[in-house]
Every structure is written in structure tokens, then in C-alpha cells.
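**Student:** After the sequence you'll find the predicted model.
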Amino acid sequence: MSMKLAAFKRGAQAAKKAMGPLQYGVNGKAFVCACCGHDKFTAGVAPMLVLNTLTCAQCGHVEFFGKEPPIL
Ligand SMILES: [Zn+2]
């Protein structure tokens with residue numbers, strides 16, 4: 001990965017964090033926490049598993065995805 005691309009990705013992640021928890025979806029349908037029903041998540045990456053995660057902003061439940069679900 002080039003230095004410019006790495007810097008861009010860091011900037012994009014910082015911008016997402018500044019916006020706070022967001023609503024994500026799979027196939028255009030809002031993703032809802034299986035534990036509490038909340039619909040706002042913080043996106044992240046599990047470093048050891050190399051999987052994308054959505055962490056429920058209300059209860060902390062973590063879901064894993066092979067790629068980051070799009071923001072709705
Ligand atoms: Zn939840």
C-alpha cells in the first residue's frame with residue numbers, strides 16, 4: 001500500500017469517527033442489531049481476523065463482515 005493511500009485511509013477513518021455512529025445496510029436494507037434492535041453502528045476492522053466489523057452504538061454487540069457494508 002502506498003504512503004498516500006495509507007494516509008487517505010487514515011483520513012477517511014478519522015472522518016467517519018468524527019461523524020459518530022452511522023446507519024449501515026446490506027442490499028439496501030437497514031442493518032439492525034440482533035441483540036437490541038438499535039440501527040446505528042461504529043465501523044471498524046478486527047486486526048487479527050482481517051474482517052470488517054460493525055459495533056452497535058447502543059449495546060456494543062459486534063457483527064463481522066467480509067467487506068464493509070455500505071453507509072445508508
Ligand atoms: Zn445493540
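**Tutor:** Okay, I see it.

**Student:** partners of the residue nearest the centre of the chain in the sheet?
**Tutor:** What sits nearest the mean C-alpha location of the chain, by CA atoms, centre = their mean, is A43, with 1.7 Å. Taking DSSP bridges as the rule, A43 bridges to L54.

**Student:** ok, now which ones touch it?
**Tutor:** K16, L22, Y24, N52, T53, L54, T55, E68 (CB atoms under 8 Å, 6 or more residues apart in numbering). Every C-beta, even on glycine, is put in place using the N, C-alpha and C of the backbone.

**Student:** Point out where this structure drops to low pLDDT.
**Tutor:** Low-confidence segments of the chain, defined by pLDDT under 70: 1-3, 5-6, 8-18, 49.

**Student:** ranges for the strands of it?
**Tutor:** 25-26, 29-30, 41-46, 51-56, 62-65 (DSSP state E).

**Student:** thought H61 was touching F41?
**Tutor:** No. Applying CB atoms under 8 Å, one finds H61 not in contact with F41, separated by 9.2 Å.

**Student:** what does this protein have sitting close to the ion?
**Tutor:** For the chain, the residues in contact with the ion (CB under 5 Å from the ion) are C33, C35, C36, H38, C56, Q58, C59, H61.

**Student:** Which of the residues you listed fall in helices?
**Tutor:** The helices, defined by DSSP state H, take in nothing from the residues of the chain next to the ion.

**Student:** Which members of those residues are classed as buried?
**Tutor:** Buried members of those, counted by 16 or more other CB atoms under 10 Å: C33, C56.

**Student:** I am finished for the moment; much appreciated.
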